[in-house]
Structures are given as C-alpha cells and as structure tokens.
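Enquirer: Generate a structure from the sequence data that follows.
(2 chains)
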Amino acid sequence: MSTRLIPHPLLSLTLVLVWLGLVNTFTLGNLLLGLLFGLVIPMLTAPYWPNRSRIGRPLKAAEYVLVVLGDIVVANIQVAMIILFKPDRDIHSQWVTVPLELTSAEAITVLAGTITMTPGTVSSTLSADASCILVHCLHTDDPDAVRDQIKSRYERRLMEIFQ
Amino acid sequence: MGIVMDIVISAALVVSGIFGLVGSYGLVRLKDSLQRLHGPTKATTLGVGGALIASMTYFFAKTGQFTIQELLITLFLFLTAPITANFIAKTYLARNVREDELPRSPADYGWAVYDDPPRQRMDE
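Expert: Below you'll find the model as predicted:
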C-alpha cells in the first residue's frame, strides 16, 4: 500500500523541500501544500520511472556533489584561460570515446551532465545501445588521459552510489 | 551593513562579471559550434554562481534571513545547462557532421544520432 501511495519517497521529499525553498517562508499552509505536491506529482509521473535505480549510499552522493562542485570551479578557470590566452591554432579539439560500465539510465544521465559541467569536455551523444559515450574535448593532447580521468574520477564514484 | 560584507558582495559581483564576460567572449571568439559550446556551459556557471552568492550575502546582511531561492536557482541551472548543451551538440552532429568523421563507437551499435537502438532496450 505504502509503495502505491508514495512510489518514490526521495522524490516526494525533494519536492516538499523545493516547494518550501521556493516560497521561502515556513508556514503550516506551505508545508501542507508542499506535502500535497510531494504526494500527487510522484503518483502522476510514476509511469515514467519504470525501473528506477536507488541511491545506495547517500554519503557517497554528498561526496560526489562536493567533488563535482570543486571541479566546476577549476573547469571555469581552465576554460576561461583557454578562451583568453590560447591562439586558435593551438586549441586542439578532439573527440574522446568513453566506454561505460554504468547501466542505469539515471546514472548515465548524471555522468553525462557531470562531463558537460567539468574541465573542457561536453558529452555529445551515446552509442545506440548506451554502452559508450562520445565526448567533445575543447583542448587536449592526450585523449586517453581524459578518458581515464572521467572513468576513475566520476564513473567509479557513480558505480558506488547507484549499485 | 559592515565593511566586510560590502567587500564580500563586491568581490562576488566582480568575479561573476569577469566570468560572464569571458564566457560570452568565448562564444564570439572560438572557431566552430562545438567549441563555442564550452564557453557558455562552463565559464558562465561561475558567472551566475557569483551573482547568486552576492545576492544571498546581501539579503543575509540586510535582513538577517538566509534565503534558499538562490540555491534552488543554482540547482536548476546545473540540471538544465548540460541538457541544453547535449541537445545543441546532437543537433550539430545530425546536421553538420557525417558519421565517418567521428571516431567509431567500440560497441556493436553506432552513435545514437545515426543508429537505431536495439529493440529490447526500447521496450524496457
């Protein structure tokens, strides 16, 4: 019964918190309205989450968020430096293919988003069977190092979180 | 408001302005569409982030209340920016790049822009 009433507890909790954050004042009315959203929206969207994966280790997820936030700051500075000081002919853009060990759609989405937000890489497309990802690299002379960094820094952590 | 708060707010605004400007300059300066994608997806994240930190600090110093709306804006940005970039990249691939110009996918199936997915995955 509880699985039918609250099909996705984490989504419900997120919705309540986001609602309270949006109105930015904590009152009983807002809490009730938030709870209503938290109940109704997961029920309505349940068909779109046929086999959702679980976050096994919340602490690992928090660590991942911090690592990625740090990398985003570094990425900003690196890309700014390339834009400002590297002449066009010295910018070696390359395609990098990263084979994936992740299988769940949610995990791959998070990885693709992370790749786009971090140093000099934008994830462009997946292979049709979702077994590898094509990444465009703004500037690199060593595509293998980029691939290894993505695998060891982000994918390894995501494997721990989602599996 | 104390002088310290003023300095923090100003610093955040200056950082935000610099990165916003550099990101937009990259949009003009870089050679092709795929390179241009790198400017707005990254340099501007810190640009917007700086403005939001300044806003949070200002309202915290002025009213003593901690506002979470800025954090939510950051969260929504992190959700939408990669998706937009991915869509632009895919559209660019589909319109301007031939399959043989890309590295071959090591898997049995080609890149999703050009190749159909295996049947059973679609039914999942």
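Enquirer: State the helix or strand in which the nearest residue to residue A:102 once chain neighbours are set aside lies.
Expert: The spatially closest residue to residue A:102, leaving aside those adjacent along the chain, is residue A:108, at 5.3 Å (C-beta to C-beta, 6 or more residues apart in numbering or on different chains). Quick note: C-beta positions are derived from backbone N, CA and C, even for glycine. Using DSSP states H and E, residue A:108 sits in helix A:105-117.
Enquirer: Touching, the residue nearest to residue A:102 and residue A:126? I think so.
Expert: Yes - at 7.2 Å, residue A:108 and residue A:126 qualify as touching, with contact defined as C-beta atoms under 8 Å.
Enquirer: Need the overlap of contacts for these two.
Expert: residue A:133 (C-beta atoms under 8 Å, 6 or more residues apart in numbering or on different chains).
Enquirer: Counting neighbours, go ahead and name the busier of these two.
Expert: More crowded of residue A:108 and residue A:126, by other C-beta atoms under 10 Å in any protein chain shown: residue A:126, with 23 against 20.
Enquirer: Assign the more buried one to helix, strand or coil.
Expert: When classified by DSSP: H, G, I helix; E, B strand; the rest coil, residue A:126 comes out as strand.
Enquirer: separation between it and residue A:17?
Expert: Shown here: residue A:126 relative to residue A:17, a distance of 31 Å by C-beta to C-beta, to the nearest Å.
Enquirer: Next: residue B:75.
Expert: Applying C-beta to C-beta, the value for residue B:75 to residue A:17 is 11 Å.
Enquirer: dump the residue contacts of residue A:86.
Expert: Per C-beta under 8 Å, 6+ apart, neighbours of residue A:86: residue A:139.
Enquirer: run the last query once more with 10 Å
Expert: By C-beta atoms under 10 Å, 6 or more residues apart in numbering or on different chains, the contact set of residue A:86 is A:92, A:138, A:139, B:30.
Enquirer: same question, residue B:44
Expert: Residues near residue B:44 by C-beta under 10 Å, 6+ apart: A:76, A:79, B:16, B:19-24, B:26-27, B:77, B:81.
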